[in-house]
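Undergrad: I'd like to go over a predicted model; first the sequence, then the structure.
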Amino acid sequence: MSQSNTLNTQRPLLATHHFTYSFVGLALMSGITIGMNKILVTLLALHLNAESWQIGLLIGAESLSMMLMSLPAGIFISRFSARWVYAISSLGAMTLYPLIGYSTSWYLAAIFLFIAGICIPFRVVAMNTSWLERLPEVGTSRGGWYRGTLMLGIGLVGPLLGNLVSSHLGIQGSYWITSILFAVMSFYGFTILSRTRAADSAKSVRGGVKEMLQYLTDPMVRQVCIYDGLGGMVRGFFGTFIIVIAVRQFHWTAQQGITLMVVEGAAFVAVLLLLGHVVAKLGEKLTYNLSHASLIIGLAFLGLSSGVVGLLIGAVLQAIGQAFNHLVNISRLAHSGKNMGHVSGLFTMVGMAGGFVGATLGGFLSKGFVLQDIFLLWIPIWLAVCPGFRAFISSNFKKLAA
């Protein structure tokens, strides 16, 4: 399997310093759009009186189309370059997302979300590819800047703007605002993202996807994908149902539920933007163990708490664990020497697959479990993959065997 990341010999469009700050600006704008859309979908679902399992399918429809297109996105980006793919897919999103606001039923909204979601992985993989390609020169300590600014938009600015705009313009008007943002990002992204094209661009999409999947035979890539996929499951469930839990189980207002989401996003962003250097100091193994421990404890608080303080603590601890988990993952991939377009497509796919599973499985499990209790079901899964816990169990088994 070729691991070449060799493309044309063109110089980058922007110098490192200029690229870094221009890129995080694009990431922030992208995050704001995603954050607004997440809030608008939840508000639309509540407006349509959708049940929990229907909300799970509604959110999962978008995640499913994103997951299915992530690998092809990596192939097209290697063939045509990140900036072209990003620009065209952004124009597609600009056209399709306003249709969601006109849905009169949850299943019609799910269909529109599935169709519109096809555009998103092309945008995400294009940005991931450009960032991974230049991260060695940007610096590992800044590795969390992309995800941090993205989540600043998704978890903080986007939800607040979505709530504000929807209260004045309604759901339909708010979707047209996001459409305008997609148009702006199409032209902005074209000026700063990578022009890199793979030398073997004549390869078929099917052949390229097969080659990308072969990366899973690499132990490092496989471990990173497992951790990010499981992280996506928790994020998918939290993002889909935390407002629903707040409104329907604790009888909070939607705005109070959004506040809980914002606090979680703030903790996630703070770690990514300010604590990237900690990974280099602690090392990958210790950072993984600490991040997974924080995530597991956070899930316990989210699943067992009955008051505001406990839920806030759980949301913050879960976010801190997710952030450090991501910092190690992205650093390992950036320095792997693999084809960045292919690895980025694979990495994006498993994260989105996790989001799809988290949303849809959580929705179906809500038929037999209280929604909040489902947070506890993720704990044994994380314990099973946590290197520290596995080492502890293995050590104790050896002592018993002796």
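TA: Ah, there it is. Residues are numbered from 1 along each chain as shown.
Undergrad: can you point out the buried residues in stretch 24-35?
TA: Buried residues in stretch 24-35, counted by 16 or more other C-beta atoms under 10 Å: 24, 26, 27, 28, 29, 30, 31, 32, 33, 34, 35. C-beta coordinates here come from the backbone N, C-alpha and C atoms, glycine included.
Undergrad: for residue 283, grab the count of nearby residues.
TA: 11 (other C-beta atoms under 10 Å).
Undergrad: pLDDT value on it, please?
TA: As predicted, residue 283 sits at a pLDDT of 83.
Undergrad: quick one, phi/psi of it?
TA: Here is the backbone geometry of residue 283 (degrees, to the nearest 10): phi 90, psi 160.
Undergrad: ok, now how distant is it from residue 332?
TA: Residue 283 sits 12 Å away from residue 332, going by C-beta to C-beta, to the nearest Å.
Undergrad: what packs against the longest helix along the chain?
TA: Taking DSSP state H as the criterion, the chain has its longest helix at helix 158-192. Packing contacts for helix 158-192, counted by 3 or more C-beta pairs under 8 Å, 6 or more residues apart in numbering; DSSP states H and E, involve helix 16-47, helix 82-96, helix 120-138, helix 254-274.
Undergrad: in the last one, which residues are buried?
TA: What it means is helix 254-274. In helix 254-274, counting by 16+ other C-beta under 10 Å, buried: 254, 257-273.
Undergrad: helices or strands up against that helix?
TA: Using 3+ C-beta pairs under 8 Å, 6+ apart, helix 254-274 sits against helix 16-47, helix 145-151, helix 158-192, helix 219-248, helix 308-334.
Undergrad: tabulate those (TSV), appending mean pLDDT and distance to residue 389.
TA: Below are the helices and strands packed on helix 254-274 laid out as TSV (pLDDT from 0 to 100; distance: least, C-beta to C-beta, whole Å):
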stretch	mean pLDDT	distance to residue 389
helix 16-47	88	32
helix 145-151	84	25
helix 158-192	91	33
helix 219-248	89	13
helix 308-334	90	13
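Undergrad: mind checking the SS state of the nearest residue to residue 266 once chain neighbours are set aside?
TA: Among residues not flanking residue 266 along the chain, residue 156 sits closest, at 5.8 Å (C-beta to C-beta, 6 or more residues apart in numbering). At residue 156 the chain is in helix, as set by DSSP: H, G, I helix; E, B strand; the rest coil.
Undergrad: dump the residue contacts of residue 156.
TA: Residue 156 makes contacts with 35, 262, 265, 266, 269, as judged by C-beta atoms under 8 Å, 6 or more residues apart in numbering.
Undergrad: now for these: which two are most distant?
TA: Greatest spatial distance among those (C-beta to C-beta): 35 and 266, at 12.3 Å.
Undergrad: which residues do these two both contact?
TA: Between them, residue 35 and residue 266 share the contacting residues 155, 156, judged by C-beta under 8 Å, 6+ apart.
Undergrad: output the below-cut-off pLDDT ranges for the stretch 251-400 of the chain.
TA: Counting by pLDDT under 70, the stretch 251-400 of the chain has low-confidence residues at 337-341.
Undergrad: same thing but at 50, please
TA: Along the stretch 251-400 of the chain, no part satisfies pLDDT under 50.
Undergrad: and for residue 16, the neighbour number?
TA: Neighbour tally, residue 16, other C-beta under 10 Å: 11.
Undergrad: also residue 114?
TA: Other residues lying near residue 114 total 18 when counted by other C-beta under 10 Å.
Undergrad: tell me who's in contact with residue 43.
TA: If a contact means C-beta under 8 Å, 6+ apart, then residue 43 has 162, 166, 171, 254 as its contacts.
Undergrad: again, only this time at 6 Å
TA: With contact taken as C-beta atoms under 6 Å, 6 or more residues apart in numbering, residue 43 is in contact with residue 166.
Undergrad: going forward, begin numbering at 13 instead of 1
TA: Okay, using 13 as the starting number, the last item reads as residue 55.
Undergrad: relative to residue 221, how far out is it?
TA: Applying C-beta to C-beta to residue 55 and residue 221 gives a distance of 36 Å.
Undergrad: what of residue 165?
TA: 30 Å.
Undergrad: more neighbours, those two?
TA: Taking other C-beta under 10 Å, residue 165 and residue 221 do not tie; residue 165 has more neighbours (23 against 20).
Undergrad: now the more buried one, what's its secondary structure?
TA: Following three-state DSSP, we place residue 165 in the helix state.
Undergrad: from residue 173, how far off is it?
TA: 9 Å.
Undergrad: next: residue 239.
TA: From residue 239 to residue 173 the distance is 31 Å (C-beta to C-beta).
Undergrad: check residue 182 too.
TA: 14 Å.
Undergrad: in terms of neighbours, single out the busier of those two.
TA: Shown here are residue 182 and residue 173; by other C-beta under 10 Å, residue 173 has more neighbours (20 against 14).
Undergrad: not counting its neighbours along the chain, what's nearest the more buried one?
TA: residue 48 (5.7 Å).
Undergrad: from the buried residues of stretch 36-47, pick the one nearest residue 248.
TA: The closest of the buried residues of stretch 36-47, once distances to residue 248 are taken by C-beta to C-beta, is residue 46, at 13.3 Å.
Undergrad: what's the local residue count around the residue lying closest to the closest one once chain neighbours are set aside?
TA: In this structure, residue 46 finds its nearest non-sequential neighbour in residue 166, 5.0 Å apart by C-beta to C-beta, 6+ apart. Applying other C-beta under 10 Å, we find 29 residues neighbouring residue 166.
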